[in-house]
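1. Let's see this in three dimensions:
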Amino acid sequence: MGAIHDVIIDAVETALADAFMYDLPLDDISRAGVVRKGPLQGDPDPDEARISVTVHENDPDRYYGKQGTSESGTWDDEVKELECGGSITWARRFTVKARCLLVNTQEDLNTARQIASAVRSRIEYVLRHFTGMGLVADDGEYVSRGAFGSGLKGEMVQAGGPPNAYDYSIKCRFEIQTTTTGET
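-> Predicted coordinates for the structure are as follows:
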């Protein structure tokens with residue numbers, strides 16, 4: 001178990017690994033080379049991974065004092081409701097990032113876009129169907145609503161590069177509602 005963020009990230013990572021690696025044929029062109037928690041940090045190199053999917057707490061592109069993405073506002077956790085007796089309902093926020101670095105495989109623009117769109121769609125599908133029910137942290141905080149609804153946001157950006165060397169960055173931000181019970 002552990003803290004609620006770790007419990008949720010572990011479960012989302014497992015669901016994404018199933019969708020991107022274990023449930024796809026080895027020759028599927030949209031199969032990920034790696035699915036992991038946190039940034040790659042060079043292991044493996046993005047060129048080797050080709051398609052990488054990472055799961056993060058909050059938004060890893062947000063840096064102190066400024067917003068590092070096209071979306072405005074913060075993506076911090078937020079108390080949504082405080083009840084008499086001490087129960088707290090939280091909006092716990094997370095981000096799934098994917099990179100489709102198709103430089104070495106030299107797909108044409110149409111194929112590259114189909115691959116990136118399939119990756120984005122698969123992430124959104126996993127998140128829309130992720131309920132998180134039954135996930136409980138060591139301190140008793142538990143998932144009370146999954147990652148569907150207005151808290152699901154996504155974007156995909158095609159970076160520049162030489163012909164037939166396409167690079168897509170995908171980001172899907174989502175929130176999970178958790179609840180802690182009050183002390184009596």
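
2. Any idea how many residues pack against the closest residue to Thr105 other than its chain neighbours?
-> Spatial nearest neighbour of Thr105, excluding adjacent residues (CB to CB, 6 or more residues apart in numbering): Arg50 at 6.6 Å. Every C-beta, even on glycine, is put in place using the N, C-alpha and C of the backbone. Arg50: 20 surrounding residues under other CB atoms under 10 Å.

3. can you pull the pLDDT of Arg50?
-> We have a pLDDT of 92 for Arg50.

4. How about Pro46?
-> 73.

5. Pairing partners for the nearest residue to it once chain neighbours are set aside in the sheet, please.
-> Closest residue to Pro46 apart from its sequence neighbours, by CB to CB, 6+ apart: Leu101 at 4.8 Å. Using DSSP bridges, the beta-bridge partners of Leu101 come out as Asp167.

6. re earlier: touching, the residue nearest to Thr105 and Ala98? I think so.
-> No - using CB atoms under 8 Å, Arg50 makes no contact with Ala98, being 11.1 Å away.

7. Where do the helices of the protein begin and end?
-> Per DSSP state H, the chain carries helices over the ranges 4-17, 46-49, 109-128.

8. Check which residues of the last one are buried.
-> Judged by neighbour count using 16 or more other CB atoms under 10 Å, the buried positions of helix 109-128 are 112-113, 115-116, 118-120, 122-124, 126-127.

9. For the chain, which residues score under the pLDDT cut-off?
-> 1, 62-73, 183-184 (pLDDT under 70).

10. rerun at 50
-> Judged by pLDDT under 50, the chain has its weakly predicted residues at 64, 67-71, 184.

11. Using CSV, list the CA coordinates for stretch 49-60.
-> Extracted in CSV, the C-alpha atoms of stretch 49-60 (Å, rounded to 0.1, in the frame of the first residue of the first chain):
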residue,chain,number,x,y,z
ALA,A,49,11.7,3.7,-26.4
ARG,A,50,10.1,5.1,-29.6
ILE,A,51,6.8,5.4,-27.7
SER,A,52,7.0,6.2,-24.0
VAL,A,53,4.2,6.6,-21.5
THR,A,54,4.8,8.1,-18.1
VAL,A,55,2.5,8.8,-15.1
HIS,A,56,3.1,11.7,-12.7
GLU,A,57,1.6,13.3,-9.6
ASN,A,58,0.1,16.7,-10.5
ASP,A,59,1.7,18.3,-13.6
PRO,A,60,5.5,17.7,-14.0
